[in-house]
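In: Model the following, please.
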Amino acid sequence: MKKVIYALILPLVVVSGLVFANREIKNETSKKSTPRPLSAAEMKAARKSWEATPDGIMYKKWEASPEGKKVLAGAAKIRKHTSASTNMEAVVTSLSLPPG
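Out: Numbering: from 1, shown residues only. Coordinates of the predicted model:
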C-alpha cells in the first residue's frame, strides 16, 4: 500500500515542480523592458546603412525598374484603403520574382 501511495505522490511532486519552474521563467521574461522606438534620425541612419548593403542596392535597382514602379504605383492606389482598413477584393494577376 505504501508503494502505491509513493508512486502516486512522486509524479505529483515532479509535475508541480515543473509548473512552478515554468511560472518563474515566464515572470522573468515579462520583467524585461521593451525596446524604445527609434527616433526619426535613427531610422534615417539605419535606412542609409541598409541601403549600402547588397540587399539595399538590389532593392534600389528594383525600385527604379519598370516592374518596381508598377508595384509602387499600385500600392499608392490602395494606400488610403489599407490605412483605413476598408474591405477590399483583389485578384492576383501574376507572380514575379526579383532577379537573382
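
In: contacts and neighbour counts: CA atoms only from here.
Out: Will do.

In: List the buried residues of the helix or strand where Glu67 lies.
Out: For Glu67, the host element (DSSP states H and E) is helix 66-83. For helix 66-83, the neighbour count (16 or more other Cα atoms under 10 Å) marks Gly68 as buried.

In: can you map out the helices along this protein?
Out: Taking DSSP state H as the test, the helices found in the chain are 2-31, 40-51, 54-64, 66-83.

In: Throw those helices into CSV and include mean pLDDT and distance to Val91, thanks.
Out: Formatted as CSV, these follow (pLDDT from 0 to 100; distance: least, Cα to Cα, whole Å):
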stretch, mean pLDDT, distance to Val91
helix 2-31, 74, 42
helix 40-51, 91, 32
helix 54-64, 93, 23
helix 66-83, 88, 13
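
In: just so I know, which of those lies nearest Thr93?
Out: With Cα to Cα as the measure, helix 66-83 is the member of the helices of the chain nearest Thr93 (12.3 Å).

In: The closest one vs helix 54-64, what angle?
Out: In terms of direction (axes from the mean of the first three to the mean of the last three Cα atoms, to 10 degrees), helix 66-83 departs from helix 54-64 by 90 degrees.

In: Pull the distance from helix 66-83 to the chain's centre.
Out: Chain-centre distance of helix 66-83: 22 Å, with Cα atoms, centre = their mean, to the nearest Å.
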